[in-house]
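> build me a model:
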Amino acid sequence: MLHIAVVAGGYSDEYVVSLKSCELVYQSINPEKYKATRVRILKEGWYAEIEGEKFPINKEDFSFEKDGRKETFDCVVNIIHGTPGEDGFMQAYWQLIGMPFTGCSMYQSALTFNKKDCIAVLDKYGIPHAKSVYIRQDLPYNKEEILEVVGLPCFVKPNQSGSSLGISKVKSPDEFEQALEKAFHEDPEVLIESFLEGTEVSVGVLGMNGQTTVVGITEIISQNEFFDYEAKYLGASEEITPARLDEETRIRVEEISKKAYDCLQMTGISRSEYIIVNGIPHFLEMNTLPGFSPASIFPQQAAYANIDLMDLFDSEIQVALNRKTLWNE
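Numbers count the residues shown, from 1 in each chain. Just a heads-up that it's a prediction; the model follows:
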C-alpha cells in the first residue's frame, strides 16, 4: 500500500487555512488504496503528526522515524497555501530529492504566485485584465502618477500572497499610504490595480484524464467592499454555484479559463478569479492550491459537478507518480 503524505501549513499567515484544508483532503485519500499521514511544514519545524504525536521530518529524504523504524513516503499531496508550498520552493525541493508531488510544477507554482508576472504572461495570449502598476518597498514611487494610471477607486494588493491577505480598496488619495503599509506587511512587492465594475466569479479548472475541465463557475457576492479574508472564510459573502450567467457569457468564461490554464501549462487543480465587465472576463489571479476547508469554493464546485473528491485525489496521485517516471527517463 502506497504511503501518502498530506502536507499542510506554510510560513505565511495562510497556514491557518491550510491546516483546515488538510482535514478534508486527508479524509479524501482512499484508505483502501493508500496509507495517509498528515505532515506539517511550519516555521517551528517539519514533522509528521500521528494521533497527536509529532515525528520530525528528515529533510534529506522527507522521511521520519517512528518506533525505531524509518518511515518513507511514495507521494506527497500538497495543500500548503502560500509560501513555501504554493510559490515553487517545496516543489523544487521535492523534485530534487525525487519525491512525487501533486499539483503543478515548480515553474508554474512560482509564476502563478507572482501576480505581476502571471498577468504579463497571460497578456501575451490576449487574456484581458485590469490596468496595473507594480512597485517595490525599496524603491521610490509617485502616488499621483500611479493614480493617474489606475484611477480611483483602485486595489492595493501584495504581489505574492493569497487568501486576500493585505488587500485594500482605496477610494481617495489619502487612503493610499495606509493601504501600501498593509500590503507591504505581507510582501515587499505590491500591485496597484484599477477597479473593475462587474460580476466577480471564481472558476475551478482541473486537468483530469488528459482533459482540461472547468469544474464550476461560482458567483461571488461579498457583503464587504470586496472578497476579502472575512468574506472568504468568515461567512461575509454569498457564493452561488453555478454563477447566474447567460449562456454566451458562461461559454466565454469557460473558454478563457481553460485557455489561461493551458497557456500556463498547468497541471492539477486550480481556481482563478475573474471580473466580468460587459460580458468579458478580466483575469485577476490564479490559485494553484485553492482552499479545501469547509468554507472553500472548489469543494463546493466539485460537489455540484458530481466529482467525488476521493476519485479526484486518486487521479492527482497517479499524475504525480507518472511525472516521477518522466523525471527518471
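
> which parts of the stretch 1-150 of the chain are strands?
Along the stretch 1-150 of the chain, counting by DSSP state E, counting those that start in this stretch, strands occupy 2-10, 34-42, 45-50, 53-56, 64-66, 69-71, 75-78, 132-136.

> tell me the most buried of these?
strand 75-78 (a mean of 26; mean count of other CB atoms under 10 Å). Bear in mind the C-beta positions are built from the backbone N, C-alpha and C, glycine included.

> pull the longest helix from this protein.
The single longest helix within the chain, with elements called by DSSP state H, is helix 309-327.

> mind giving me the packing neighbours of that helix?
helix 15-27, strand 75-78, strand 199-208, helix 297-304 (3 or more CB pairs under 8 Å, 6 or more residues apart in numbering; DSSP states H and E).

> quick one: closest of those to Met99.
The closest of the helices and strands packed on helix 309-327 to Met99 is strand 75-78. By CB to CB, the value is 5.9 Å.

> what's the closest one packed up against?
Going by 3+ CB pairs under 8 Å, 6+ apart, strand 75-78 lies up against strand 2-10, helix 89-97, helix 309-327.

> grab the nearest non-local neighbour of Val277.
Gly198 (4.0 Å; CB to CB, 6 or more residues apart in numbering).

> make that Met90, sorry
Pro84 (5.1 Å).

> touching, the one you found and Tyr11? I think so.
Yes: with contact defined as CB atoms under 8 Å, Pro84 and Tyr11 form a contacting pair (6.0 Å).

> so who does Met99 touch?
For Met99, the contact set (CB atoms under 8 Å, 6 or more residues apart in numbering) comprises 61-62, 73, 75-76.

> ok so, going back, which one of the helices and strands packed on helix 309-327 lies nearest to Pro128?
Of the helices and strands packed on helix 309-327, nearest to Pro128 by CB to CB is strand 199-208, at 13.7 Å.

> what pairs with the helix or strand following the closest one, parallel or antiparallel?
Following strand 199-208 in sequence order, the next helix or strand is strand 211-222 (DSSP states H and E). The pairing partners recorded for strand 211-222 under DSSP bridges are strand 199-208 (antiparallel), strand 237-240 (antiparallel).

> kindly export strand 211-222 (C-alpha atoms) in PDB.
As requested, the backbone C-alpha atoms of strand 211-222 are provided in PDB (Å, rounded to 0.1, in the frame of the first residue of the first chain):
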ATOM      1  CA  GLN A 211      -8.600  16.900 -20.400                       C
ATOM      2  CA  THR A 212      -8.700  20.500 -19.200                       C
ATOM      3  CA  THR A 213     -12.100  20.800 -17.500                       C
ATOM      4  CA  VAL A 214     -14.000  23.600 -15.900                       C
ATOM      5  CA  VAL A 215     -15.300  22.200 -12.700                       C
ATOM      6  CA  GLY A 216     -17.600  25.100 -11.900                       C
ATOM      7  CA  ILE A 217     -18.200  28.800 -12.000                       C
ATOM      8  CA  THR A 218     -19.100  30.400  -8.700                       C
ATOM      9  CA  GLU A 219     -20.500  33.900  -8.500                       C
ATOM     10  CA  ILE A 220     -19.200  35.900  -5.500                       C
ATOM     11  CA  ILE A 221     -21.400  38.500  -3.800                       C
ATOM     12  CA  SER A 222     -19.400  40.000  -0.900                       C
END
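
> tell me the angle it makes with helix 309-327.
For strand 211-222 against helix 309-327, the angle between stretch directions is 130 degrees (axes from the mean of the first three to the mean of the last three CA atoms, to 10 degrees).

> report the beta-bridge partners for Ala5.
So, taking DSSP bridges as the rule, Ala5 has Thr37, Val76 as bridge partners.

> neighbours of Ser172, just the number please.
A total of 9 residues lie near Ser172 under the criterion other CB atoms under 10 Å.

> distance-wise, check it relative to Lys33.
Plainly put, Ser172 is 57 Å away from Lys33 if you go by CB to CB, to the nearest Å.

> same check, this time on Gln300
From Gln300 to Lys33 the distance is 25 Å (CB to CB).

> for Ile127, same thing?
Relative to Lys33, and taking CB to CB, Ile127 is found at 38 Å.

> next one: Ile276
The separation that Ile276 has from Lys33, given CB to CB, amounts to 40 Å.

> returning to what we had before: give me whichever of the helices and strands packed on strand 75-78 is most buried.
Mean neighbour counts for the helices and strands packed on strand 75-78 (mean count of other CB under 10 Å) peak at strand 2-10, with a mean of 24.
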